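K.L.:
what would the 3D arrangement of this be:
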Amino acid sequence: MTNKDRYEQFCRKQTNIPVFLQKWWMDAVCMGKQWDVFLYEENGQIMAVFVFHYVNKYGLKFILLPQLTQYNGIWIDFPHCISAHKKRSLEKKIMYSFIAQLEAEKYVYYEQSFHYSIVNWLPFYWKGYKQTTRYTYQLKDLSDMEKCFSKFSSSKQRQIKKTTNDLIVDFDCSAEEFYRAATDNLQLKHEKISYSKQLFMNLYQSCFSRGQGQIIAIRNKNRQLYAASFIVWDFMSAYFLLYTIHPEHRSSGASSRMVWEAIQYVSDKVNVFDFEGSVNEPVELSYSRFGTEQLPYFTIKKSKSFLFSLLVKIKAKKD
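P.N.:
Down below sits the predicted model:
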């Protein structure tokens, strides 16, 4: 039995593994290929996993996050009632084990974002890895929609209220229409979509068949699509995974209404709405106006190729 097979069994037993680390998610975004998992065991029991996607190009191995995936990497099932000291000691032991397995992969470049529950990356630092702090934005406690709405800035509240009479919400937008709209809206801005139709359809079907995904669209009364989002969720959080807005309707309030409808839709399923963050300043500002909390998470990197490191830096400056 392979590590993937054992991990699949483990995921069936554990209800609290985040969606981006689930075997079915990795199968969907990697098209069933080019991903693997390390296992850490004690007394025959899996206590931690390290999920990763890889790409082989020109005989070189790159370990990277798969598309449409906010994070993966390490997840640890800590024993209940473990002391802080023992928890850190176990965490260090687990991370060193995973780093040793990672180094055995003979990669030339490694980059992954870890789940925000991983707050200690020191074992990676001690082994020569580097870290960038990123931020996601979360709206917590979805049990009271009136309370959630009251947390929104006055400008967001006005935008949402002004759409009440003119725009409608649609929960039946197809995956085909969503992808077509996302592609067309980017073309209007002379940009290209970053993920293939096959990838999106594969992921949509995997999420929808499990009752863990939904497209939410905002239209005018003539059924013209103004904005749409694709949200996914796990046992605890919903994620604002993808969205598209027609450039001509950015000031219509449709995008704010879309977010509000998404929050209401998942409020009986999860207790956290995760916007997934952005390094784009206007987007960050918009997310913060929904009354969100800023939450840091780590992106860990290591390059074993000077030339590739140089190319990554050049691309980062261009972006």
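
K.L.:
do you know how far the closest residue to Leu199 other than its chain neighbours is from Ala262?
P.N.:
Using CB to CB, 6 or more residues apart in numbering and skipping residues adjacent in sequence, the residue nearest Leu199 is Gln67, 6.3 Å away. Heads up, the C-betas are built off the backbone N, CA and C, glycines and all. Using CB to CB, to the nearest Å, Gln67 is found at 21 Å from Ala262.

K.L.:
and these two? Which one has more around it.
P.N.:
Using other CB atoms under 10 Å as the criterion, Gln67 and Ala262 rank with Ala262 on top: 21 against 14.

K.L.:
checking the more buried one next. Helix, strand or coil?
P.N.:
helix (DSSP: H, G, I helix; E, B strand; the rest coil).

K.L.:
which ones are touching it?
P.N.:
Contact partners of Ala262, counting by CB atoms under 8 Å, 6 or more residues apart in numbering, are Ile216, Ser229, Ile231, Ala238, Phe240, Phe273.

K.L.:
same thing with Glu261?
P.N.:
Val169, Ile216, Ile218.

K.L.:
out of those residues, which is nearest to Gly128?
P.N.:
Ile216 (43.9 Å; CB to CB).

K.L.:
and that closest one, what pLDDT?
P.N.:
pLDDT, Ile216: 98.

K.L.:
ok, back up a step: could the contacts of Ala262 go into CSV alongside secondary structure and neighbour count?
P.N.:
As requested, the contacts of Ala262 are exported to CSV (DSSP: H, G, I helix; E, B strand; the rest coil; neighbours: other CB atoms under 10 Å):
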residue, secondary structure, neighbour count
Ile216, strand, 25
Ser229, strand, 23
Ile231, strand, 25
Ala238, strand, 27
Phe240, strand, 23
Phe273, strand, 27
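
K.L.:
for the stretch 1-150 of the chain, give me the ranges with low pLDDT.
P.N.:
Judged by pLDDT under 70, the stretch 1-150 of the chain has no weakly predicted residues.

K.L.:
now the helices for it?
P.N.:
3-13, 23-29, 84-103, 122-126, 145-151 (DSSP state H, counting those that start in this stretch).

K.L.:
could you list every helix and strand that the longest one packs against?
P.N.:
Judged by 3 or more CB pairs under 8 Å, 6 or more residues apart in numbering; DSSP states H and E, the packing partners of helix 84-103 are strand 35-42, strand 45-57, strand 73-76, helix 122-126.
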